[in-house]
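Visitor: Okay, here's the prediction I keep looking at, along with the sequence it came from:
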Amino acid sequence: MSAALKPRPRVLVIRGGAIGDFILTLPAIRLLRETIAGCHLEILGYPGICDLAVLAGMADATRSLEGRHMALLFAPGAAIDPELVSYLCSFNLVVSYLYDPDGFLRGNMERLKVKTYLELPHRVVEGAGHATAQLAKPLESLAMYLEDPAPRILPHAAQAEASRRIAVHPGSGSLRKTWALAHWQRVGHELQKQHPQATLTLITGEAEEERGITDQLVAAWAKLPHEHWQNLPLPQLAERLATCHAFLGHDSGISHLAAACGVPCHVFFGPTEPATWQPQGSCVHVCRAAGNDMGTLEWEAGWASLASFLQGLGA
């Protein structure tokens, strides 16, 4: 068969987890993409989240990990949908980050005669290096070595400098990671006073709505000129974030998204370890609460850190 007709190698990456977990895996996915020349790469994961890899040009297609037919992959000896069997067996390499403590998924992959199946640890250990490095290190068994640890989804848009948009995301997956809501309510007013030329933008999603954070912030900022990006699909949010001059938030998936879009980020850290979880980017500033407890971070210290960060950007 001539080189022109030789089929492209097919690679499947199976990755569950939340937004931040997926973004931290992007450097490993990029490593696969770039090392296996000309490969067709797909992601089996959660809808919306795994679409970020397509937006970044790291994946050609995605497929949902949800549904009963997928759950059967974790049942020993289960009758797997023939179409799913054909799909899995169409790949030359399947890389899985799924939790499989009993080995049922591996057993089914072997039974279905998936060509090459590589199981990678899904957990990240604090104190064992940055998460991006930990998630990519097992690929060294395939002679793939990560040199660039920064996730990249979109280049920082040229219009960001002109827009002077400051985005604020007051939420996180855990309340223990968040600065007091009253402080974020005050942040909007201080930003309006100190940076009247900036476009203030509030980012909220389902977690903030469920906790009542959205309603309280919208009420507190009611008289402030601002935009509100609420429940945007992640690819759309990424495209908008790429137009921002600065991003203010916590240790959260949205902070990782902003950094991956090239936005200068100020990120509050409390109980988690920045050396492991800090967003990777060219301009990420971390403010860690005393005693690793966000409840100890008073207004004066938090605002001083934010103000210094923005001044450094010329905001």
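Guide: Perfect, I can see it now.

Visitor: contacts and neighbour counts: CA atoms only from here.
Guide: Fine.

Visitor: Now do Ala157, the pLDDT please.
Guide: Predicted confidence (pLDDT) for Ala157: 57.

Visitor: For this structure, which element, helix or strand, carries the lowest mean pLDDT?
Guide: helix 160-163 (a mean of 56; mean pLDDT, DSSP states H and E).

Visitor: Can you name the element that comes right after that helix?
Guide: strand 165-168 (DSSP states H and E).

Visitor: so what secondary structure elements neighbour that following strand?
Guide: strand 199-204, strand 246-250 (3 or more Cα pairs under 8 Å, 6 or more residues apart in numbering; DSSP states H and E).

Visitor: Kindly format the C-alpha coordinates of stretch 223-234 as PDB.
Guide: Extracted C-alpha coordinates of stretch 223-234, given in PDB (Å, rounded to 0.1, in the frame of the first residue of the first chain):
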ATOM      1  CA  LYS A 223     -26.500  49.500  39.400                       C
ATOM      2  CA  LEU A 224     -23.100  48.700  37.900                       C
ATOM      3  CA  PRO A 225     -22.600  48.600  34.200                       C
ATOM      4  CA  HIS A 226     -21.600  45.000  33.500                       C
ATOM      5  CA  GLU A 227     -22.100  42.000  31.300                       C
ATOM      6  CA  HIS A 228     -23.400  38.600  32.600                       C
ATOM      7  CA  TRP A 229     -22.200  35.400  31.000                       C
ATOM      8  CA  GLN A 230     -24.500  32.800  32.400                       C
ATOM      9  CA  ASN A 231     -24.500  29.000  31.700                       C
ATOM     10  CA  LEU A 232     -22.600  29.400  28.500                       C
ATOM     11  CA  PRO A 233     -21.500  26.200  26.600                       C
ATOM     12  CA  LEU A 234     -17.800  25.800  27.400                       C
END
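
Visitor: roughly how far is it from the heart of the chain?
Guide: Put simply, stretch 223-234 sits 19 Å off its chain's centre (Cα atoms, centre = their mean, to the nearest Å).

Visitor: Same check on stretch 270-284?
Guide: Distance, stretch centre to chain centre, for stretch 270-284: 12 Å (Cα atoms, centre = their mean).

Visitor: okay, how far is it across it, tip to tip?
Guide: Using Cα to Cα, to the nearest Å, the end-to-end distance of stretch 270-284 comes to 16 Å.

Visitor: Pull out the buried residues from that stretch.
Guide: 270-272, 274, 276-281, 284 (16 or more other Cα atoms under 10 Å).

Visitor: Name the pair among those residues with the greatest separation in space.
Guide: Pro271 and Gly281 (21.2 Å; Cα to Cα).

Visitor: just to revisit the earlier point, could you export the helices and strands packed on strand 165-168 as a markdown table, including mean pLDDT, distance to Thr214 and mean neighbour count?
Guide: Compiled in a markdown table, the helices and strands packed on strand 165-168 are given as follows (pLDDT from 0 to 100; distance: least, Cα to Cα, whole Å; neighbours: other Cα atoms under 10 Å):
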| stretch | mean pLDDT | distance to Thr214 | mean neighbour count |
| --- | --- | --- | --- |
| strand 199-204 | 96 | 6 | 21 |
| strand 246-250 | 97 | 14 | 25 |
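
Visitor: what comes into contact with the lengthiest helix in the chain?
Guide: With secondary structure taken from DSSP state H, the chain has its longest helix at helix 19-35. Helix 19-35 is contacted from outside by 13, 15-16, 39, 41, 49-50, 53, 58-59, 131-132, 135-136, 139, 144-146, 148-152, 252-254, 256-257, 260, using Cα atoms under 8 Å, 6 or more residues apart in numbering.
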